[in-house]
Every structure is written in C-alpha cells, then in structure tokens.
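Undergrad: got a structure for you, letters missing:
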C-alpha cells in the first residue's frame, strides 16, 4: 500500500470545508477530507487516501511533497485505515524499531545516527502501522525515505550540509538522502519495539518499559489518529487491535536531559538495546 500524489492548480483545491470536525493551525478536516494551506508554499487536499497539492510559491514538486510528508501524508494513511504514529523508524535484523514523540524531540536525528551505524531508515515523521490481528504489528516502509535534518544536527553527525538541498532557500533544514533502505525492498517490516522519546530536567538518560494498558495510552498520545478524523467504524476497531498488538510489542519511554546535550550517548544507549 502506498500514497498517491497528484499535482493540481491552486483553484482546484478548496480552502475551507463546509462543516469540519477537526482543525488546527492552517488545516481542517472531516472523516473524508483533509485540507492544509502553508502560506507561500503549497495547498494540500487529502481525500480517499490521495494527496493533491498545488504550489503557492516557487518550490519544485519534490520540495512541496517534503512539506506534505507530515500531516497530509498522515491523513492519507489514516483514510486508508492505518494507525499512524508521529515517528521515525529504522530497520534491524530482528525488525523495525520506531522512535515516536513530539516535534523537535530528536526522532530524525536518532534515525540518522543509527543509519550511520548500519540501521537503514524506514520512515521519518510519519510511520503507518498495520494493526491487523491476523499477524504481527507491521510498519509500511518507504524505500529510499529521505530525512529532514537541521544543520546543527548534521554538524554533530559529521555530515556536510553543503552537499544537500535545503528544504527551502534560507532555511537551515536539509533533505538528506542515502540513509534509507534501497529500492526495491520489502514493503513492510514487523515491528520489534517502540521507543517514546522525551526530555526531563534531571541529568542522565532514563529508559523504562511501559506495560499493559498504559502502553496503549502512551502510544496513542503520539499518534496522528488522536486528532485527525477517521471513519467512526474504525475508531473502536483501532483501539481493540492496538491493545492486542501492544501486548506482543514492547514499548519503552526514553528520556534524555532537557539541556542541549550531544546525541551520541542517547544513540549509544539505543544501539546497545537493539543489538541485544
């Protein structure tokens, strides 16, 4: 399963829905349609799992699609019945490992650092999961998935930002290719574990496993399904299937110091865990 992307003229894409059931900064949605407009960048409409986009500036198609790799992509997966985490993911010999959390918590940085250690990137920003009870929890992977990395993160990882394309002129955030799985590749990976990233005021790294019903609530807090509408008949099914799957999939909370610290010790801790 993949997302279909289609270019359109701005006047072909509605700016408002007649009766939205959810909304946020620059976006609104109901169970069938999601609309997002990023001023001077692009307008997006997601309907029936397809993303239509129109340029509102001078960015090329690839850059516009990178801007749409967040909420629009998440809405498209949800419309197709997937549970969609705000997460990055890497491939390990024993399955996919996911890193979920809020914006700027370090999801992409962790994935990039692990890719440098031999664990290819499977997803960034949006991680669609198949909750089917008939098999293991699986991640729909994105071959050659690019990462969006800030210049300071790239410097810490020893990457030359000048070799990459900025997301838009003047923004020190870059589209980084070459860290993902090659194409062709498997379309889905069994999920080995989920890490919920966060920060704390105390020094040191704290890793704890979350058990039982608490793991379901914690994971749902990091899901786009929490606030993007989905068909009503899927809501209860999602909760039931997620509960069943997380009974078999370990979930951890990984907290790092709130102050700006090198990412190395955090990645060392993660690499040690996933190498077991």
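TA: Thanks, I have it. Nothing here was measured: the structure is a model prediction, and the numbers come from that model. Numbering: from 1, shown residues only.
Undergrad: can you list contacts of the longest helix belonging to the chain?
TA: Looking only at the chain and at elements set by DSSP state H, the helix with the highest residue count is helix 232-246. Applying Cβ atoms under 8 Å, 6 or more residues apart in numbering, the contact partners of helix 232-246 are 31, 81, 83, 131-133, 136-137, 213, 215-216, 219-220, 225, 230. Glycine gets a C-beta too; all of them are placed from N, C-alpha and C.
Undergrad: and if you look at stretch 55-64?
TA: Residues from elsewhere that reach stretch 55-64 (Cβ under 8 Å, 6+ apart): 7, 10, 37-43, 53, 67, 165, 167-168, 175.
Undergrad: out of these, which are buried?
TA: Buried residues within those, counting neighbours by 16 or more other Cβ atoms under 10 Å: 37, 38, 41, 42, 43, 53, 67, 165, 167, 168, 175.
Undergrad: circling back: which one among the contacts of stretch 55-64 gets closest to residue 182?
TA: Of all those, the one with the least separation from residue 182 (Cβ to Cβ) is residue 175, at 17.7 Å.
Undergrad: Identify the residues contacting the closest one.
TA: With contact set as Cβ under 8 Å, 6+ apart, residue 175 has these partners: 62, 63, 66, 146, 147, 148, 164, 165, 166, 167.
Undergrad: Please apply the same query to residue 13.
TA: Residue 13 is in contact with 35, 43, 44, 45, 52, 53, 54, counting by Cβ under 8 Å, 6+ apart.
Undergrad: can you give me phi and psi for it?
TA: Note on residue 13: its backbone torsions stand at phi -110, psi 120 [degrees, to the nearest 10].
Undergrad: that older thread, after the longest helix of the chain, which helix or strand is next?
TA: Remark: after helix 232-246, the chain's next helix or strand is strand 251-257, criterion DSSP states H and E.
Undergrad: Give the other helices and strands that that next one contacts.
TA: strand 188-200, strand 206-210, helix 212-220, helix 264-274 (3 or more Cβ pairs under 8 Å, 6 or more residues apart in numbering; DSSP states H and E).
Undergrad: Most tightly packed of those?
TA: Mean neighbour count, computed with mean count of other Cβ atoms under 10 Å, is highest for strand 188-200 among the helices and strands packed on strand 251-257, reaching a mean of 20.
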